[in-house]
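Asks: I'd like to go over a predicted model; first the sequence, then the structure.
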Amino acid sequence: MTLTRPTRDDSSRSSSQELYHRASLTLERTRTPYHLKAESLTRPIGLSTFLTPDGSATSPLSRSESSESGTEADDEKGPLLKGLPAPPLRMRKGLRGTSPAALTPAASPLPTPPAFVEAREFEYFGTPRKTARKTPQAGKVVKDFEAYKARKRREIVRRCVETLLLVAIGGVIWTNVKDSPGISDWNSELLAYLLLPPVTYLTVPLRLTFRAVATGKSVIQAVRLGFHIPSRFDPGPLLYPVAMPVLIALSLFQRCHTFLPVAIVCGLSAIPPSVTATPRVRGMGDYVHWLITIFPIHASQLRFSHEYLQKPVSLKLSSEGLLQQEDLTLLYPLHQSLMTILGYLTTSSLDISELRLFSTAMIHLFLFARTPQAEILKAMLWLGGLCIFITCRRMLAWEVALARVPTWKLLRRRPRPGLVSQVDQAICVLLTRGHLRSRRRESSESDSERPPLRPISTSKSKLRLNINARASTTPIAEPMSAVEPLKPREAFTNGPVLQKTPRRNTFTVFERIASSTQSSAGKKMRAPLAGQSNVFLFFTLEQARVRKYAYAAAAYFCVAATILGPVRFFVGTRALSGHEPFGWAIGYLFGNIPTFRFWVVSNNLERWISLPARVSADVAPVAPFSIEYIRQNTLGPANTRLLICGYCVAVLFMGIFAVLRLTSVVEVDTRRKVFHGIMVAMLLPTIFVDPCFIALALSLVLAVFLLLDLFRASQLPPISKPLTTFLAPYVDGRDYRGPVIVSHIFLLIGCAIPLWLSLAATPRTGEDAWGGWDTPVRELSMVSGVVCVGMGDAAASLVGRRYGKTKWYWSGGKSLEGSLAFAVAVVCGLAMAWTWLRLGGWALWPSGPLSLIFAKFVFAGVGASLLESTLTAANDNVVVPIGLWLLVRGLNI
């Protein structure tokens, strides 16, 4: 580690401290982010830039460096999250809001990785010279430097454990799959995949070393500077998006071989663009990255020996007929384009690792959606998402722009309007008569202390709306978000760069209001303006309200037209064998009720409502009096689905009732964990009963969650405020990073992903309208997400906060007691699911010793617990369930 002595004097340091303190006073969280201006979102110094070996400042931190995992959403890294206002020091996660006084322990630990705001990264913590005077301030510098070194050692241990754990999971999977038929044909591609990422990552310090030598540094100094590991280095974005797709493909290799080459290309496409970037030749890094993703496809043509000849990829792909070799070469531009779009929509709500994993998952869904459930999910996310984005983009942009205009600005005096404006105002007053009187009165009272209002002058700068946001397939340091970045400016002479970044909280691109500011030299600076002039500031209160509801009505109409039009047609054609979706759904749920069947037949509705076959009296090939026997031969599949729906609705209402009753008794985190218990109670007993139906239900609920959150973030009346009010008591720090409230969405995805992956390419049964809607496969891995998120995460949080006194060696706030509770809960959950799987008649009791199976449970639980305690690059509600799913399948439990 290379250390240099700080160059700033005491006066400069004190001025920077004063400036940072002044800036931090304005960084308070607000639930009305649309009313904030860019001037109030000043970024703290010392966290976004540091010097590279050539002396230039680096770019701002990536998304992966901005937050901890999901269970530590409030203990985020550093005081600022990608331009969002940071909260003051708060109590540990879950102890926010109204909580009993006896349930508030110590404050949260320091952020991790170590972050200081006194200077530019490690440059501040230099070794003091011998001639330096021994002052109290110099002693504080030495003390801080020693604490920095200790914390950095802990972080290095944490990153090494995280990397070794991922390698161990890969070893378990390879041990299980290495003897599979056909895996040897892909050895060349796997070898190329294993070598390319490390070699590519190694080129970065080598390039920095050569660059330092070119600036006049000695070889030793250049090597030390080039191979220096920054304190904020996080290997997560280099590991999880690259490794996870291939590990999943290897676990499913026995079912479909085509998963593997697509996963290899997508994994290599997820390498950070900064690794392959070429600063001197702009754009060359994109082509280099593309060549890296294509190389494994042609690795089989390289003959390492004359006796060893691999089958070409084209022949291996033609055996299944899903893809061609040319399709694999186009995955990189598709991956980068999808990253740009998803990054634009979610802005800073997702870490860069989550964004890359999301893009890879969308590509796999697009390519391998063959089952009815996958086709329906593809129709909602791909077809429905694109249609809504195209048709509703402008209306949602206008809606957010109106929401950002404060009410008091709509009440100011205005010049006499023209005839058209007077007619428009009269119509709007007529439509809003009696509704705005009370609000106008309240606004007038609340604004009585404001400066006197002046009429709007056309010479003043106006709020501008940039609808035509640019999008590109060129990979950049991170995907372009919905807010245009602002140019940094020097806050003071010889000081660090003070960046002003608008809060990323909107669906579209908005530029700040142009304002004249006096610089240090006395010159006025005006923010650049783009787009057409916006007239929202000229609206009256009545006009603004009418237009808000008009835009909302148009958006709802477009969404309904999308669902009833292209999505409905796609689902009926690709998933239901040409049957009408709504009529099919009625028969899917009520088809085994005799009265309903008689009504359908008597009214000649059989062509619209598909009826399943009658319940047979023959004994099915399952154990008698088991759950599967009762489902198939007594109740019928449709009636069983009705019982599952009724059971889930009852559990949901009981859970919500319990949460409302516990609001004044327990802290917020405990109330949040009640929802985890609801997921366990709903899904753990029902997944094995009808996995295809549960997979469909989770897909529909995910689509509803995403759609409702789009309405909420876009401020669409009348649904936005009730949703915000309902979700506000249960959000955490991650939910304030961007427009998307991710807590409930990640909880659902974490429970659903293992089930979706287990059902991928499984054999299906059924004929005609019911083809593919049942499967004989029941696996323990299907409930990995429910066990991990619903039981393990809840146990770790509840036990760790109350009894967690022994912390892990590394920083981050995780305790050994909480991790032990996580492992015990996962072991108990797997044991319960394993027993239920055999009691229900879906699997046979083993003939071997039960101690071996219990040992596998313990190994899987400990592995998932370690992954949860070391993970920082993504939300653990998504990554840890996938890790447990990989372990369960790799151990053949």
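Replies: In hand now; what should we look at?

Asks: report pLDDT for residue 514.
Replies: Model confidence at residue 514, given as pLDDT, is 32.

Asks: what residues sit buried inside stretch 414-434?
Replies: By neighbour count on 16 or more other CB atoms under 10 Å, the buried set for stretch 414-434 is 421, 424-425, 428, 432. Any C-beta I mention is one placed from the backbone N, CA and C, and that applies to glycine too.

Asks: and if you look at stretch 833-851?
Replies: For stretch 833-851, by 16+ other CB under 10 Å, it's 833-834, 836-837, 840-842.

Asks: tell me the mean pLDDT over that stretch?
Replies: Here stretch 833-851 scores 88 as its mean pLDDT.

Asks: and for residue 218, the neighbour number?
Replies: Residue 218: 10 surrounding residues under other CB atoms under 10 Å.

Asks: oh, that last question was meant for residue 373, not what I typed.
Replies: 24.

Asks: list the contacts of it.
Replies: Going by CB atoms under 8 Å, 6 or more residues apart in numbering, residue 373 touches 575, 692, 695-696, 699, 756, 759, 772.

Asks: please report how far it lies from residue 211.
Replies: 51 Å (CB to CB, to the nearest Å).

Asks: residue 203 too?
Replies: 12 Å.

Asks: roughly how far apart are the residue nearest the centre of the chain and residue 860?
Replies: Compute the mean C-alpha point of the chain, and by CA atoms, centre = their mean the closest residue is residue 350, 4.1 Å away. In this view, residue 350 and residue 860 are 28 Å apart by CB to CB.

Asks: contacting residues for residue 648?
Replies: Residue 648 neighbours (CB under 8 Å, 6+ apart): 682, 686, 697.

Asks: switch to 10 Å and redo it
Replies: Neighbouring residues of residue 648 by CB atoms under 10 Å, 6 or more residues apart in numbering: 678, 681-683, 686, 694, 697.

Asks: helix or strand: which one has it?
Replies: Per DSSP states H and E, residue 648 falls inside helix 637-661.

Asks: wait, doesn't residue 883 sit right on residue 866?
Replies: Yes - counting by CB atoms under 10 Å, residue 883 touches residue 866, with 9.3 Å between them.

Asks: which neighbours do these two share?
Replies: Shared contacts of residue 883 and residue 866, defined by CB under 10 Å, 6+ apart, comprise residue 165.

Asks: who has more neighbours out of the two?
Replies: Per other CB under 10 Å, whichever of residue 883 and residue 866 has more neighbours is residue 883, with 25 against 21.

Asks: packing partners for the longest helix seen in the chain?
Replies: When the chain is parsed with DSSP state H, its longest helix is helix 136-177. The contact analysis (3 or more CB pairs under 10 Å, 6 or more residues apart in numbering; DSSP states H and E) places helix 136-177 against helix 10-24, helix 236-251, helix 850-870, helix 876-890.

Asks: figure out how far it is from the centre of its chain.
Replies: Counting by CA atoms, centre = their mean, to the nearest Å, helix 136-177 is centred 24 Å from the centre of its parent chain.

Asks: quick one: mean pLDDT over that helix.
Replies: 85.

Asks: next: stretch 740-759.
Replies: Across stretch 740-759, pLDDT averages out at 91.

Asks: check stretch 371-389 too.
Replies: Regarding stretch 371-389, the rounded mean pLDDT is 93.

Asks: measure stretch 271-286 end to end?
Replies: 11 Å (CA to CA, to the nearest Å).

Asks: may I see the buried residues of that stretch?
Replies: Residues of stretch 271-286 classed as buried by neighbour count (16+ other CB under 10 Å): 271-277, 285-286.

Asks: which ones among the buried residues of stretch 414-434 are found in helices?
Replies: Mapping the buried residues of stretch 414-434 onto helices (DSSP H) picks out 421, 424-425, 428.

Asks: tell me the least confident of these?
Replies: residue 424 (76).

Asks: so who does that residue touch?
Replies: Residue 424 is in contact with 417-418, 539-540, 542-543, 546-547, counting by CB under 10 Å, 6+ apart.

Asks: so how do I select the buried members of the residues you listed in ChimeraX?
Replies: The following ChimeraX line selects those of the contacts of residue 424 that are buried, judged by 16+ other CB under 10 Å:
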select :539,540,542,543,546,547
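
Asks: taking the contacts of residue 424 one by one, which sit in strands?
Replies: Among the contacts of residue 424, no member falls in strands (criterion: DSSP state E).

Asks: redo the contacts of residue 424 as TSV? Include pLDDT.
Replies: Shown next, in TSV, are the contacts of residue 424 (pLDDT from 0 to 100):
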residue	pLDDT
417	74
418	78
539	81
540	81
542	84
543	83
546	88
547	87
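
Asks: do you know how far the spatially closest residue to residue 712 that is not a sequence neighbour is from residue 704?
Replies: Spatially, and ignoring its direct neighbours in sequence, residue 712 is nearest to residue 723 (4.3 Å; CB to CB, 6 or more residues apart in numbering). Residue 723 is 12 Å from residue 704, where distance means CB to CB.
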